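Asker: dropping the sequence and predicted coords here.
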Amino acid sequence: MTDTDRGTQRDRDSAFSLFTQQSLPACKPVLTPEWVIMTFLFIGFIFIPVGLVTLRASHSVVEIVERYDIGCVPEPFRIDKVSYIQDDSIPKNCSLSFKVPKYMKAPIYIYYQLENYYQNHRRYVKSRSDKQLLHGQNEHGISSCQPVEVNNDRPIIPCGLIAWSLFNDTFTFIRNRAELKVNRKNIAWKSDREHKFGKNVYPFNFQNGTLIGGGKLNPTIPLSDQEDLIVWMRTSALPSFRKLYGRIEKDLDVDDVVVVHLMNNYNTYSFGGKKKLVLSTTSWLGGKNDFLGLAYVFIGSSSVTIAVVFTLLHLLSPRH
Amino acid sequence: MARIRKRSIQLSKLCSFACCRSSSQDEHAQIGQKGYSRVVYCNEPDSQEQIRLRYRGNYVSTTKYTAVNFIPKSLFEQFRRVANIYFLVVACVSFSPLAPYSAPSIILPLVVVIGATMAKEGVEDWRRNLQDIEANNRKVEVYDKSSCSFRQTKWKDLRVGDLVKVCKDEYFPADLLLLSSSYEDVVCYVETMNLDGETNLKLKHALNVTSFYSSAESLKEFRAVIKCEDPNEHLYSFIGTLYFDCQQYSLSPQQILLRDSKLKNTEYIFGVVIFTGHDTKVMQNATDPPSKRTKIERRMDRIIYVLFSTLILVSFIGSLFFGIETNNDLSGGNYTRWYLRPDKTTVFFDPRRPAVAAFLHCLTGLMLYGYLIPISLYVSIEICKVLQSIFINQDQAMYDEEMDRPAHARTSNLNEELGQVHTILSDKTGTLTCNSMEFVKCSIAGTLYGRGMTEVEIALARKRGEQLTEQAPIDASESKKSIKGFNFRDERIMDGKWVSEPQSDVIQKFFRVLATCHTAVPEVMGPDEIMYEAESPDEAAFVIAAREVGFEFFARNQTSIKLRELDPTSGIRVDRVYELLHVLEFSSARKRMSVIVKNPENQLLLLAKGADSVIFERLSKEGRAYEERTKEHIEKYSEAGLRTMAVAYRELDNDEYKTWEQEFLKAKTSVSADRDVLMDELACQIERDLILLGATAVEDKLQKGVPGCIDKLARAGIGIWVLTGDKRGTAINIGYACSLLRHGMKQIVITLELPEILAQEKEGDKEAIAEASLNSIKLQILKAKSQVTEESSTEFGLIIDGKSLTYAMDKNLVNSFMDLAMRCATVICCRSSPKQKAVITRLVKSVTGRTTLAIGDGANDVGMLQEADIGVGISGVEGMQAVMASDFAIAQFRFLERLLLVHGHWCYRRISMMICYFFYKNITFGFTLFWFEAYTSFSGQPAYNDWYMSCYNVFFTSLPVIALGVFDQDVSARLCLKHPLLYQEGVRNILFNWPRILGWMFNGLLSSIIIYFLTTNSITGPAFRKDGQVADYSVLGVTMYTCVVWTVNCQMALSINYFTWIQHLFIWGSIAFWYIFLVVYGSIPPTLSTTAYKVLVEACAPSILYWLTTLLVVIAALLPLLSYRAFQIRFRPMEHDRIQIQRRRPESTEYDATQRRLSESSEARTSSELPSEVRIRIDNLKASSKRKN
């Protein structure tokens, strides 16, 4: 046995005994007044700048939100919007126009926003078959798609409530009488396109039932290329949500007037939902969201306030 | 069917046989009747009669489970817990469409948790099984009739009736009847360490009739039948009869060799197997210790009920709203939320029957919000407690080097109760004192002998200002020549000088009694060295004293005792043989023992020693010559804290003895339940008309560190009761010596030794005495109470004797007595019996409702230990019964200080923090689910992926909690001991009171609100990435879950005070593990990972917003607790906060502290602690002497 061996043996022993005697070297932080003040000030000094930077990022984003669900119903039908939307004989086209308030740099993202729409309802969320979306008809296990799994004894592809209620309003944008090209590719997550929706799975027997929910699908295009469907199938977190429609890859200048021709097909009237069209640029942080910045500033300034109050109290009241 | 009938026939046969036996044998009335029906055919285990009795084999199994029943039985044990049943039901229901998540995700954690607990049970049981296998396969030599020789057999194959040969240092394989041994006088020596822990040897002797069978050949002819009691658990009794050679011989415990005891000092013995396997006395004794539950656990159960109610409430609210929403889906014949297809729905979402849907949804809610109930709580607590006990067992500072005994937590489920002890009830002898007796003084013929002074006396003398002559204090360590158990110095007696004393004949008789009246066994170690194995240390001290004075006891057998004495006339040492006729043994009821011997001069003598009160009432008229002065001396001795015993003798008349002996032998051989009573009566008959010789005084030394320890415990605010059998004077003096009664403390004495009561006692009207006593006690208590309330600033010590105590326990008085006792810092109950000890313990427990701890070392403390919330056994000299009945065993009383103040405090803090935190983390998690619910129209959709949820309790949050429960320390052990007041945190239960528990729950609620609302507002809505993507359901789930994992782990980091690498590893490791899990889970195919597919790698990690949100939410969720803690520590510090801050104070004191620590550790607490201990004791003695003056 060499000396080093013995040394390590002893080290192990002593480390072990430190452990069993519960006297391992330890850091024992104590909230002394100095530490308290330092910590709160530190939080403040980190959070306020971060908040301000985030706010700036949020303010640099230009966002246009236009609600169109009411405006697109012709005056005579406004009393009973539901029957208007359910009546296929009435043309649903509609247009709205707005002025660009600020210079918007490409890419400009187009979203449709739905409110009071419970895409996170348990019945709704469960009503899909991931296997079918990836592998197609051969697969069993479409029972999870209830109540929209079969029609005329033949399975529906894609099955389930989510697909059935596909959003089907469409938008075209015109600036200065020229159509603005909207890029509708790559709006879905790459992993969804490649691994969740099959390349060889084609829509089948879809929206053939007596009750037609939302949009129809082109049966010649495989599911992996039906990006609108893929986006729609990523269910939202909350009842009010935006979904990506496409991108305008041209800058919009201040005071440009943009006219939108849209097909107002989707029924949100029966449950009192709202439909909005959103055009937005993004910053490094994403879309326009002041909340995060404000929250940062609020938490930061609260910390500083606490630090100040604590300091004052600490100095004023003597120790026992 | 046939077999059953056969068996019943046999039973009836046996019965009738037994009945006719009993009728023919009057004096053996019990034998053959119920409880005394066992029949053993010696040497004929194969005989039809023996086989027909179907006694159990010698196979022993101590395991709780068998291979077959392990799974069902341990599962059953698991599901006795309400929470586990709930989770089982949830798991079953999770296969139905009611479940908000997939079934495997709820079953896995349940399986992990139940599996972990079962594995723990299994491992424990496997260990027991290994021990069984080892014991069952030990070898023993069994007699084989066909070959007339012994052959090796396994223990488990032994049968009732077998003849076995056991050799030196072997264990007895079953309960045996001793037939013969290698000694001619058929004795053997037995060590019963495994039974009662006593290391001294016990002498057993066979019946003379069987002594002939001492060789293998002779055994061939041996035939006998034993009829005896049925298997029972009494180790020290045995009733049976041997039918041999047409004669009956009664059997006593003297002939019985018990399983698991060991043959010593004897080459071999032959024996007959009487009881096998589970019928043996030792196995009959193996009962499970009473299971005790801690207050914290009981409260925890209540919290679980609170959480269950919350769960039900929350589910109810959820389903109410769900019902409304579902009802709205059908408004005026139109379906509103058409995308849910309310037209083609199931019963769960049917808008036409919203009430049914709501009811079913309520069940879903109960499952979904089940995360409010921490599934892993029980198993985590169990793991923590086991690890805590390992720390207690490993603690070097509670390890006794001399005896090589570490502390031992025998049950692990009482750890935290150690931190809440309100009252300690302590035995005195062997607990506060060493129970290693030293003979220091004696009074012979009214003269005091023994010049040494006890510690108590020295201090008293100093206080009185008396000149201490060159007489150095007696200190055993002072001279190397000192003899254990002997500390007597008197030149008048030592070295044979007693011969020239005026009353040398009395002195001679006195020491002869000491040398012969005992049950000790000499062990010759060398030419001049004899050791004694005695039943009690007092007895050993007497024999040693006699030896040192010149009456050396050097040999004994069944019939004689040999002494080597100095002959006063010739001055030569001669051997004298005393024929030993009878031993009337010591018992706590008799309080005396005596022997009847015939001395070499053929005189019949009865030599007796016993408690002074008992001996004095048995003196003859002419034997009272020294009574007055001896009484005086005894009084003096007990004041000096010594144990006294009176010594007397009697010359017996031959005829009287003969008649007595006949009756006595008859009683002795009778086999009946009242044999003991009969024998006691007969012993009383002969033990009378004694002649007093003198009294002995034995010092029971205080254990090391007792005063310091008691002082610490008192400063920690723990009330201490001493329950002792000693006289009042002795008890008070010991009280002062070990700082139970302190300087400046006022004494309240409640006693019945008042003139008026004594006067009435002389009259002898029992009812009148009882009434007067009761009234007197009542008066004394009331007076004392008013005194205590008047002078609330001073401390009081209450002293009460056993007799008064019986009256104070009276139904009408007990409350006011306990009230008085609770206000006194110290209570000493002297002259109390073991039963009273247990009763007092129960009373203290029930009246105060606080935690009681009993500490003791002897068999007489067992009741008390089992009655108390915590029983601590001292593994000292008096045997192991106390330890076997205890929950914790320590080697020395002073370790109690560390056990309570350090381990108790830590464990209490750890467990209470742990439970609070457990509820916190589950409420935080559970309520984020609820808030999310509110935004899904209460449809029962969980916010997270199924597997995130099921891993929450098991993987992402479990290890840090366990680290908290096992390792956390608010202050170091050194500071715990330095600031005993810290212990009050546990006594007052301020770390686990309802405000604190609810505070933690509120904090959890707050955290969940902060997490949910900040996360949803920050991340949903507009794009959360530069590429314009929006956060969907899966991204929100991941972000929120990330925040939850961070928050609960960081809250943990905030609330623990002790970071070693283990805490760092567990806390930060858990967080890191969440990310690793997410990456791994996200990379398996999407049909399995569903919403988690590549969610971190693709969606969240590249988003700066995700990380910023995490930071914001975590800090915001920590802020409330952090600010609360900051203000609370600064402006309303708790005791541990104060100590922590102090530790941080200026460098100079810190330097001092390190210096002190260095010196303490280097000198191992002896020199540094001693001065203070001495100071305390001197102070107390001052007080004690003041009391006298």
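Answerer: Perfect, I can see it now. Residues are numbered from 1 along each chain as shown, chains lettered A, B, ... in the order given.

Asker: burial of the closest residue to chain A within chain B, as a residue count?
Answerer: Distances from chain B to chain A, computed as CB to the nearest CB, single out B:Pro1022 as the nearest residue at 2.7 Å. Heads up, the C-betas are built off the backbone N, CA and C, glycines and all. Burial measure for B:Pro1022: 26 neighbouring residues, criterion other CB atoms under 10 Å in any protein chain shown.

Asker: what residues are up against the closest residue to it other than its chain neighbours?
Answerer: Counting by CB to CB, 6 or more residues apart in numbering or on different chains, B:Pro1022 lies nearest to A:Gly287, which is 2.7 Å off, once chain neighbours are set aside. Taking CB atoms under 8 Å, 6 or more residues apart in numbering or on different chains as the contact definition, A:Gly287 lies against A:61, A:63, A:109, A:280, B:1021-1024, B:1028, B:1030.

Asker: scan those and report the most crowded one.
Answerer: Neighbour counts for the contacts of A:Gly287 peak at B:Phe1024, which has 30 neighbours (criterion: other CB under 10 Å).

Asker: mind checking pLDDT for that one?
Answerer: Model confidence at B:Phe1024, expressed as pLDDT, equals 90.

Asker: so it touches B:Tyr1106, yeah?
Answerer: Yes: B:Phe1024 is in contact with B:Tyr1106 according to CB atoms under 8 Å; the separation is 7.0 Å.

Asker: pretty sure B:Thr789 sits in a helix.
Answerer: Yes: if the criterion is DSSP: H, G, I helix; E, B strand; the rest coil, then B:Thr789 is within a helix.

Asker: if I look at it, how far off is A:Lys190?
Answerer: For B:Thr789, the distance to A:Lys190 under the criterion CB to CB, to the nearest Å works out to 82 Å.

Asker: next one: A:Glu115
Answerer: Per CB to CB, A:Glu115 is found 28 Å from A:Lys190.

Asker: ok, the two, which is more surrounded?
Answerer: For A:Glu115 against A:Lys190, the residue with the higher neighbour count under other CB under 10 Å is A:Glu115, and the figures read 17 against 10.

Asker: would you map the helices across the stretch 151-300 of chain A?
Answerer: With helices called from DSSP state H, counting those that start in this stretch, the stretch 151-300 of chain A shows them at A:161-164, A:190-191, A:227-233, A:290-316.

Asker: so of these, which one's packed in deepest?
Answerer: When neighbours are counted by mean count of other CB atoms under 10 Å in any protein chain shown, the highest per-stretch mean among the helices of the stretch 151-300 of chain A falls to helix A:161-164, a mean of 25.

Asker: and the contacts of it?
Answerer: A:119, A:123-125, A:127-128, A:145, A:147-148, A:156, A:206-207, A:213-214, A:229, A:232-233, A:235, B:339-341.

Asker: next one, pLDDT for the residue nearest to B:Pro1022 please.
Answerer: 89.

Asker: how about B:Asn599?
Answerer: According to the model's per-residue confidence, B:Asn599 sits at a pLDDT of 85.

Asker: tell me the spacing between it and B:His518.
Answerer: The span separating B:Asn599 from B:His518 equals 16 Å under the rule CB to CB.

Asker: these two - which one has more neighbours?
Answerer: The residue with the greater number of neighbours, taking B:Asn599 and B:His518 and applying other CB under 10 Å, is B:His518; the counts read 27 against 17.

Asker: secondary structure class for that one?
Answerer: With three-state DSSP as the basis, B:His518 sits in coil.

Asker: picking that back up, shared neighbours, B:Phe1024 and B:Tyr1106?
Answerer: Between them, B:Phe1024 and B:Tyr1106 have B:Val1035 as joint contacts when contacts are counted by CB under 8 Å, 6+ apart.

Asker: ranges for the strands of chain A?
Answerer: According to DSSP state E, chain A carries its strands in the segments A:63-67, A:93-99, A:108-115, A:150-151, A:154-155, A:170-175, A:178-180, A:182-183, A:241-248, A:257-263, A:274-280.

Asker: where does chain A dip in pLDDT?
Answerer: By pLDDT under 70, the low-scoring segments of chain A are A:1-13, A:138-140, A:319-320.

Asker: and if we set it to 80?
Answerer: For chain A, residues meeting the criterion pLDDT under 80 lie at A:1-16, A:137-142, A:146, A:209-210, A:318-320.

Asker: and if you look at the stretch 151-300 of chain B?
Answerer: For the stretch 151-300 of chain B, applying pLDDT under 80 flags the ranges B:183-185, B:191-203, B:208, B:211-212, B:214, B:216-217, B:233-237, B:264-265, B:282-294.
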